[in-house]
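Undergrad: what follows is a protein structure lacking sequence information:
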Ligand SMILES: CCCCCCCCCCCC(=O)SCCNC(=O)CCNC(=O)[C@H](O)C(C)(C)COP(=O)(O)OP(=O)(O)OC[C@H]1O[C@@H](n2cnc3c(N)ncnc32)[C@H](O)[C@@H]1OP(=O)(O)O
């Protein structure tokens, strides 16, 4: 996978103990290093990547469904962390983001095949936010066409977990 890089990624601001995820952990040497960035107004988050050939599904040049869920998983939890951080009136800096979220539920709708020879874009928005729970909506697009959608319930990790 070739994640598209911009400025500071939300994953790069996670505390030390949360940076090992295979999908998006900066410290996982074998991992995919997916990166999530807030939009300028902070209302949405975006991740973009180009899949490597090895992640093909049963049909050549179509992305494997598990990878689609994986990208939603990592992008959704990062987005939840951002929306909770922003809700406290904070900006994204290189300091640790406030709150770290883990996936409790992930619903994925596979609408059209995801091609593997172009950039894939996933945007997220917040549907509901409380002290420990965030409901995140996501859309995955390629060539301006929505290929998959997801709804995630993410729960803030407690200090003693
Ligand atoms: C240390 C390692 C850190 C590691 C942190 C690193 C994060 C990396 C993230 C990358 C993405 C992943 O792969 S995550 C990995 C896959 N996920 C997991 O392994 C999670 C396994 N599940 C759990 O550990 C637990 O079930 C939690 C933490 C998700 C929730 O348990 P809890 O802390 O007791 O929370 P609880 O009080 O029950 O619920 C809080 C609120 O969430 C709602 N809620 C809870 N579960 C669900 C659910 N399945 N579907 C809908 N809603 C739910 C409740 O109704 C409640 O809403 P209300 O009453 O308040 O309205």
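TA: Everything's here; your move. Please read all numbers here as calculations on a predicted model, not as lab measurements. Numbering: from 1, shown residues only.

Undergrad: for this structure, which segments count as strands?
TA: 2-3, 37-38, 45-50, 101-110, 120-129, 133-142, 145-156 (DSSP state E).

Undergrad: what's the angle from the fifth one to strand 145-156?
TA: Translated: strand 120-129. 40 degrees (axes from the mean of the first three to the mean of the last three Cα atoms, to 10 degrees).

Undergrad: kindly report the same for the fourth one.
TA: Angular relation of strand 101-110 and strand 145-156 on a 0 to 180 degree scale: 150 degrees, by the same axes, to 10 degrees.

Undergrad: just give me how far strand 101-110 sits from the chain centre.
TA: 11 Å (Cα atoms, centre = their mean, to the nearest Å).

Undergrad: cool, and the third one?
TA: When distances are taken as Cα atoms, centre = their mean, strand 45-50 is centred 8 Å away from the chain's centroid.

Undergrad: what's the residue nearest to residue 25 when sequence neighbours are not counted in contact with, if anything?
TA: Nearest residue to residue 25, sequence neighbours excluded (Cβ to Cβ, 6 or more residues apart in numbering): residue 19, at 4.8 Å. Using the backbone N, CA and C atoms, a C-beta is placed for each residue, glycine as well. Residue 19 makes contact with 11, 25, 26, 27, 28, according to Cβ atoms under 8 Å, 6 or more residues apart in numbering.

Undergrad: do you know the pLDDT at the fourth one?
TA: pLDDT recorded at residue 27 is 94.

Undergrad: quick one: it from the ligand, how far?
TA: Separation of residue 27 from the ligand (Cβ to the nearest ligand atom, to the nearest Å) stands at 12 Å.

Undergrad: tell me the spatial nearest neighbour of that residue, not counting adjacent residues.
TA: Here the residue nearest residue 27, using Cβ to Cβ, 6+ apart, is residue 19, at 4.2 Å.

Undergrad: do the same with residue 118
TA: residue 142 (5.5 Å).

Undergrad: ok, the one you found touching residue 114?
TA: Yes. Residue 142 is in contact with residue 114 according to Cβ atoms under 8 Å; the separation is 6.1 Å.

Undergrad: name the residues contacting each of these two.
TA: Shared contacts of residue 142 and residue 114, counting by Cβ under 8 Å, 6+ apart, come down to residue 120.

Undergrad: these two - which one has more neighbours?
TA: Taking other Cβ atoms under 10 Å, residue 142 and residue 114 do not tie; residue 114 has more neighbours (25 against 19).

Undergrad: what does the chain put close to the ligand?
TA: 18, 21, 73-74, 77, 100, 102-105, 130, 132-133, 153, 155, 157, 161 (Cβ under 6 Å from any ligand atom).
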